[in-house]
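J.: pasting the structure only:
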């Protein structure tokens, strides 16, 4: 479930599905030690802060801007 205050466009089921996918993407990047490059910094920064709060003794998820092509 998304943190309070952050809202996505779409219906409730679409919002939940979007968060589930974002959490899965973040978990994959974090568990393999990769930085996450995205145009969606707001949502992934929120996830990175939640991971840091849950696991303060491990390396945090690094969220960076996606390169421009």
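T.: Sure, I can see it. Being a predicted model, the structure only gives us computed values, none of them experimental.

J.: Flag the shaky bits of the chain, pLDDT-wise.
T.: 1-8 (pLDDT under 70).

J.: Nearest the geometric middle of this structure, what residue?
T.: For the chain, the residue whose C-alpha lies nearest the mean C-alpha position (C-alpha atoms, centre = their mean) is residue 44; its distance is 2.7 Å.

J.: in which helix or strand would I find it?
T.: Per DSSP states H and E, residue 44 falls inside helix 41-54.

J.: Pull out the buried residues from that helix.
T.: Within helix 41-54, the residues scored as buried using 16 or more other C-beta atoms under 10 Å are 43-44, 46-48, 51. For every residue, glycine as well, the C-beta is placed using N, CA and C.

J.: Can you mark which positions in stretch 11-29 are buried?
T.: Within stretch 11-29, the residues that qualify as buried by neighbour count (16+ other C-beta under 10 Å) are 15, 18-19, 22-23, 25-26, 29.

J.: Out of the residues you listed, which sit inside helices?
T.: Assigned to helices by DSSP state H, the following of the buried residues of stretch 11-29 qualify: 15, 18-19, 22-23, 25-26, 29.

J.: which of the residues you listed sit farthest apart?
T.: Distance extremes for those: the farthest pair is 15 and 29 at 21.5 Å, using C-beta to C-beta.

J.: so what's residue 61 up against?
T.: The neighbours of residue 61, taking C-beta atoms under 8 Å, 6 or more residues apart in numbering as the test, are 26, 29-30, 36, 44, 47-48, 51-52.

J.: how much space between it and residue 9?
T.: For residue 61, the distance to residue 9 under the criterion C-beta to C-beta, to the nearest Å works out to 24 Å.

J.: Residue 57 too?
T.: Using C-beta to C-beta, one obtains 36 Å as the distance from residue 57 to residue 9.

J.: more neighbours, those two?
T.: Between residue 57 and residue 9, residue 9 has the larger neighbour count (other C-beta atoms under 10 Å), namely 7 against 4.

J.: and the more buried one, which of the three is it?
T.: Taken by DSSP: H, G, I helix; E, B strand; the rest coil, the conformation at residue 9 corresponds to coil.

J.: In stretch 60-69, which residues are buried?
T.: 61, 63.

J.: need the contact list for residue 38.
T.: Applying C-beta under 8 Å, 6+ apart to residue 38 gives the contacts 44, 63-66.
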